[in-house]
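Colleague: generate a structure from the sequence data that follows.
(chains A and B)
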Amino acid sequence: MIRDVAIGQYLPGHSFLHKMDARVKIVCTLAFIIAIFLCKNFWSLGLMVFAALVMTLLSRVPFGQLLRSLRPVAFILLFTAILNLFYTKAGNVLWHWKIFTLTDRGIYTAVFMAVRILSLISVSALLTFTTTPTALTDGIEKLLSPLKLVKVPVHSLAMMMTLALRFIPTLIEEIDRIMSAQKARGADLETGGFIRRAKALLPILIPLFVSAFRRAYDLAYAMECRCYRGGEGRTRMKQMRMGVRDGVAIALFAALTAGIFLLNHFFAHLI
Amino acid sequence: MDKIIELKNVSFVYDTQEEQKPALRNVSLDVRRGEFLAVIGHNGSGKSTLAKLLNAILLPTEGQVLVEGMDTADEDLVYEIRRRVGMVFQNPDNQIVATIVEDDVAFGPENLGVPPAEIRQRVDDALRAVGMYEFRGAEPHKLSGGQKQRVAVAGVIAMRTDCIIFDESTAMIDPKGRREVLETAKRLCREMGITVVMITHFMEEAVQADRVVVLDSGRVAAEGVPSEVFADSALLRRTGLELPFAAKLAGKIRTAGVPLPDGLLTPDSVADALFAAAQEAEVI
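Modeller: Here you go, the predicted structure:
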């Protein structure tokens, strides 16, 4: 049912990763993504894949769940793999037909890129699986807070993200209701070509926007009534605290990065 | 009893491009500390406008609204007024800001700058007071209408307000949820001493109040205890209001020849009177 829409894709749990500080998780995820682009050969990449596997096991997120989150990127994955396969001209030619050339180097590159993207997506998925949307936005707000010095409205941005997340399920329900109402009046949403179907969406989008604006208006009143005055002077119920766990994670990440540089240095570069 | 809110000759005109529509005309009214006040009236009687004047969402076109002696027209006092007078709105979805129940209840105290440990305490207390403690980790969109409104009530009492205004908070929810919200409002008033102003068009809710104000075309048409107000059938006809169901039923029973006393407004009181009448007549 539509009532079961989850906000984000958080999976409740009590694992090591769940209990980590959101800020540390965000920074580590970014570090992982950068690190994975620093890998120059299969040895260092292998180390990253190993790290990703360990993290998945630590998070206790079921593998099936993780694979499902990879489905939307399957196309991009395939596309880059094919491109790399035929675009790489270096190396020993294995097969040649008209404009297509397949080299051993091409196969390596394609596999390398695919693995790189796969681990990148899985690690970012792990972040959203183990962190509540609230903790995520709070973490982002805290991490970006130095930007306040250059007058970036960090608090407002974080508040906007929170409200957007809060209203996703409400608006999905609303779309469902409007669609039923328009269908009951004989609207045809399923047949016809692309243009016809796009036009049929108009009677759904207009009421949706009208209602969204009305909601925004109500919400602004409600927030004012609860003494909201922006980030100034605001406290938070849930304080973010870094523990031993986070220290361990940071140390492991530093070791991981060092490992990559060593492996890059001692083994031949592929890319 | 001392006054928590005071309206002095208040008029309010909606200034739209097409016309100037007066919503309230020269209304003077007191809300007494600790009371349960119901404001009733049919559509367009100005009751929602009245609600919005009580915590400075709207400012009177003429006259004065004083909350604990503070004028709502004074911009510097708006924050102080709103931390004393909270509001629960009609649409339960449009007043919840967070993705988790307890985070939403914490929103008010967080805005007030309350220290974290105390917020935690206030949130837990508020959720217990409205009977939603076991749902503290739930996502608001998975709750029923009545539950969402109770979360909204918790959000207000976590701010430790002296007064809560229910602006037709039961209009959009099912009968069960309506009962839950009404019971919560009554309990907060009786047990915690919070002043409740209930704007409603359900007469069943109004009869539970200590005092009823009837609004009609922007004027106060009547003011008094429920048994008085609902005894005046001419007034009810004039203002387009209906008798509560229990009172109507009592009237039918009376015309059928069973002698029932006047001023019966709740199902329980009708049942008791009927039982007494039956005993009197030695039917049972």
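
Colleague: quick one: secondary structure of the residue nearest the centre of chain B?
Modeller: The geometric centre of chain B, computed from its C-alpha atoms, lies nearest to B:Met198 (Cα atoms, centre = their mean), at 1.1 Å. Recorded secondary structure, B:Met198: strand (DSSP: H, G, I helix; E, B strand; the rest coil).

Colleague: same deal with the one 3 residues further on?
Modeller: Recorded secondary structure, B:His201: coil (three-state DSSP).

Colleague: would you agree it is in contact with B:Asp167?
Modeller: No. In this structure B:His201 lies outside contact range of B:Asp167 using Cβ atoms under 8 Å: 11.7 Å. C-beta coordinates here come from the backbone N, C-alpha and C atoms, glycine included.

Colleague: more neighbours: which of the two?
Modeller: B:Asp167 (24 against 18; other Cβ atoms under 10 Å in any protein chain shown).

Colleague: any stretches of chain B with poor pLDDT?
Modeller: Residue ranges of chain B with pLDDT under 70: B:1, B:284.

Colleague: so where do the strands sit in it?
Modeller: For chain B, strands defined by DSSP state E occupy the ranges B:3-15, B:20-32, B:36-40, B:62-67, B:70-71, B:85-88, B:163-167, B:195-199, B:211-216, B:219-224.

Colleague: rewinding a little: wait, what's in contact with the residue nearest to the centre of chain B?
Modeller: Residues counted as contacts of B:Met198 (Cβ atoms under 8 Å, 6 or more residues apart in numbering or on different chains) are B:36-39, B:166, B:182, B:185, B:205-206, B:209.

Colleague: so how far is chain A from B:Thr99?
Modeller: 5 Å (Cβ to the nearest Cβ, to the nearest Å).

Colleague: give me the phi and psi for that residue.
Modeller: Note on B:Thr99: its backbone torsions stand at phi -90, psi 0 [degrees, to the nearest 10].

Colleague: next, count neighbours for it.
Modeller: B:Thr99 - counted by other Cβ under 10 Å - has 24 other residues nearby.

Colleague: now do the contacts for it.
Modeller: A:7, A:132-134, A:162, A:165-166, B:139-140.

Colleague: how is chain A partitioned into domains?
Modeller: Following automatic domain parsing, chain A resolves into domains at A:9-131+A:241-271, A:153-236.

Colleague: quick one: which of those domains is nearest chain B?
Modeller: domain A:153-236 (3.7 Å; Cβ to the nearest Cβ).

Colleague: residues near residue 146, how many?
Modeller: Just so you know, I chose chain A. By the criterion of other Cβ under 10 Å, A:Pro146 has 10 neighbours.

Colleague: the intended chain is chain B.
Modeller: 23.

Colleague: over to B:Gly218?
Modeller: Neighbours of B:Gly218 (other Cβ under 10 Å): 23.

Colleague: kindly report the same for the one 10 residues further on.
Modeller: A count of neighbours around B:Glu228, defined by other Cβ under 10 Å, yields 14.

Colleague: and what of the one 3 residues further on?
Modeller: For B:Ala231, the count of nearby residues is 16 (other Cβ under 10 Å).

Colleague: surely it touches B:Asp262?
Modeller: Yes. Between B:Ala231 and B:Asp262 there is a contact at 6.4 Å, judged by Cβ under 8 Å.

Colleague: any weak-confidence spans in chain A?
Modeller: In chain A (pLDDT under 70), the answer is A:1-8, A:271.

Colleague: which residue ranges form the strands in it?
Modeller: Secondary structure of chain A (DSSP E): strands at A:93-97, A:100-103.
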